[in-house]
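Enquirer: structure of the sequence below:
(one chain, ligands or ions: 1)
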Amino acid sequence: MFTKETYISRRKKLAAEFSDGILLFLGNSEAGANYSGNDYIFRQDSSFLYFFGLDCPDLAAVMDIDSGGSIIFGDDVDMDDIIWMGPQKSVADRAAEVGVCKSYPFARLASFIKDALEKGRRVHFLPQYRNHNKILLGEMFNVSPRAVNDLASEDLIRGVVELRIIKEQCEIEQIDQACDLGYAMHMTALKLMKPGMKEQELVGAMEGVCISGGYMVSFPSILSQNGETLHNHSHHQILTPGRMCVIDAGAEIASHYCSDFTRTLPCSGKFTARQKDIYTIVSCANSYAAEIAHPGISYKEVHLAVARLMLQGLSNIGLVKGDVDEALALGVMGLFMPHGLGHNMGLDVHDMENLGENYVGYDATVTRSSQLGLGSLRMARTLKPGHVITDEPGIYFIPALIEQWKGEGKFKEFINYEALEAYYDFGGIRLEDDLLITADGCRRLGAKRLPITVEDVEKEMAE
Ligand code: GLY
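Expert: Alright, predicted model coming up:
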């Protein structure tokens, strides 16, 4: 938890965007995994954490813009809770730690909101992703839980996004720590990797490092030799010489700040000549993004510059032909990288995407493309100091997609479909670092960068 002044200052800045009404924030509750009482690991809502800092279930908070005060709603524990969970601080004491001096039992929230609505006051709330909270709001606003998000406040979404998207120094320190833990996770996998192991063994070792040093993984680990499947969560294969393994994994530390790194490693410790060719295109693209990312350029422009570099690389080895700029403009790169260059990162690994990807990743100056790949760019905004983003170019050979485009004769003047047939068993390569935009450029987050060049990867794997 940060200092109480941090939370007071954030709430003050948010309140300044509103002339009247109530801002309602719902925390999360426990959620049963396979029966009530056998719960998923508790994860507080990130916006609740950002403004109210309290990391325990069954809380809600309001900011009353007219009176200028905040209230935390929650119930103190009873003897049964103490028997099973140990002594707990009172809600009033917890509220005081984040600069809120008023607290009420949770049951008073419904009447508080009803009263405000009856007085014709606007009650702003954020879009909900947990059914428990949708039901709660459905009851308070007298709508079906399915319709609750239709009533979410665009003004509140925009206010929250504009604050959370620019990271404060205290947050950057936490993200650096999450990246250090992410580094340790990945180095564990790199050092352990050898042919004959199961992919799942690497997942277990890597996630063990994360849980030992932090809270949990920031998303389910992606680790597979079938790296052409972008988010491959099946880890049942045996590591085989001659293949590569995509490892896309991150840590969430106790403060809930995240990291997200990807490396693609040769299972035997040595890349083949053909792997080196493609790998080098992707590693150059990753470094190029960090070279050109700075305040004033949009991340869409960075995506396009990186895509151009990779198209040129693919053209140099004969997989792409024709004019590279024309190919770029038409969207040929979507065949090889059907995802965007990166996303925002912070308290969520895809920061704030529950508030709506376009609110977070797009602003008035940038529009979303409909092309495959570029259209999936989650962060396209003009960069500002304090943005934290991922830099994750990739090249993938997805046989079903290649076959589809080939069958349609799509971009046949730019794509060497015949040469691509030799790559159907290649897999994919993605390389990802996390960047902080600074006053005059950017820096990679975390004390150390994971090995990324062919030489450094092979050297580290050999040691
Ligand atoms: N690194 C996983 C993701 O961005 O979804």
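
Enquirer: going forward, measure contacts between C-alpha atoms and count neighbours the same way
Expert: OK.

Enquirer: next, count neighbours for Phe48.
Expert: Residues lying near Phe48 (other CA atoms under 10 Å) number 19.

Enquirer: what sits against it?
Expert: With contact taken as CA atoms under 8 Å, 6 or more residues apart in numbering, Phe48 is in contact with 25-27, 54.

Enquirer: would you mind giving the residues you listed as JSON lines with neighbour count added?
Expert: Converted to JSON lines, those look like this (neighbours: other CA atoms under 10 Å):
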{"residue": "Phe25", "neighbour count": "21"}
{"residue": "Leu26", "neighbour count": "22"}
{"residue": "Gly27", "neighbour count": "24"}
{"residue": "Leu54", "neighbour count": "21"}
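
Enquirer: now, those that are in helices?
Expert: Applying DSSP state H to the contacts of Phe48, no entry is found in helices.

Enquirer: show me which of these is closest to His124.
Expert: Among the contacts of Phe48, Phe25 lies closest to His124 (CA to CA), at 8.7 Å.

Enquirer: before we move on, back to that, which ones among the contacts of Phe48 map onto strands?
Expert: 25-26 (DSSP state E).

Enquirer: chain neighbours aside, what residue packs nearest to Arg43?
Expert: Using CA to CA, 6 or more residues apart in numbering and skipping residues adjacent in sequence, the residue nearest Arg43 is Asn28, 7.1 Å away.

Enquirer: go ahead and confirm the one you found touches Leu59.
Expert: Yes - here Asn28 reaches Leu59: they are 7.2 Å apart, a contact under CA atoms under 8 Å.

Enquirer: quick one, what contacts Leu54?
Expert: 1, 48, 94-95, 98.

Enquirer: gap between the longest helix seen in the chain and the chain center?
Expert: For the chain, the helix with the greatest residue count under DSSP H is helix 169-192. Distance, stretch centre to chain centre, for helix 169-192: 15 Å (CA atoms, centre = their mean, to the nearest Å).

Enquirer: and the next helix or strand past that helix?
Expert: Next helix or strand after helix 169-192 toward the C-terminus (DSSP states H and E): helix 199-213.

Enquirer: hmm, who's touching that next one?
Expert: Under CA under 8 Å, 6+ apart, the answer for helix 199-213 is 181-182, 184-186, 188-189, 192-193, 216-217, 221, 223-224, 235-239, 251-253.

Enquirer: what's the answer for stretch 60-77, then?
Expert: With contacts defined as CA under 8 Å, 6+ apart, stretch 60-77 is touched by 11, 15, 18-27, 52, 58-59, 88-91, 95, 100-109.

Enquirer: for it, which positions count as buried?
Expert: Within stretch 60-77, the residues that count as buried by 16 or more other CA atoms under 10 Å are 60-65, 70-75.

Enquirer: list the contacts for the spatially closest residue to Phe411 that is not a sequence neighbour?
Expert: Among residues not flanking Phe411 along the chain, Val332 sits closest, at 6.9 Å (CA to CA, 6+ apart). Counting by CA under 8 Å, 6+ apart, Val332 touches 411, 414-415.

Enquirer: show me which of the contacts of helix 199-213 are buried.
Expert: 181-182, 184-186, 188-189, 193, 216-217, 221, 223-224, 235, 238-239, 251-253.

Enquirer: quick one: Arg146 and Leu136 touch, right?
Expert: No - applying CA under 8 Å, one finds Arg146 not in contact with Leu136, separated by 11.5 Å.

Enquirer: list the contacts for the nearest residue to Lys384 once chain neighbours are set aside?
Expert: Nearest residue to Lys384, sequence neighbours excluded (CA to CA, 6+ apart): Pro295, at 4.6 Å. Contacts of Pro295 were listed using CA under 8 Å, 6+ apart, and they are 382-385, 437-441.

Enquirer: which SS class is Pro295?
Expert: coil (DSSP: H, G, I helix; E, B strand; the rest coil).

Enquirer: please report how far it lies from Cys245.
Expert: Going from Pro295 to Cys245 by CA to CA, to the nearest Å gives 34 Å.

Enquirer: Lys321 too?
Expert: Counting by CA to CA, the gap from Lys321 to Cys245 is 28 Å.

Enquirer: do the same with Ala307
Expert: 23 Å.

Enquirer: of those two, which one has the most company?
Expert: Ala307 (30 against 24).

Enquirer: the more buried one is in what secondary structure piece?
Expert: For Ala307, the enclosing helix or strand under DSSP H and E is helix 299-316.

Enquirer: show me what counts as buried in the helix or strand following that helix.
Expert: Once the chain leaves helix 299-316, the next helix or strand it forms, by DSSP H and E, is helix 324-330. For helix 324-330, the neighbour count (16+ other CA under 10 Å) marks 324, 327-328 as buried.

Enquirer: can you tell me what sits against helix 324-330?
Expert: Residues contacting helix 324-330 (CA under 8 Å, 6+ apart): 304, 307-308, 311-312, 315, 333, 414.
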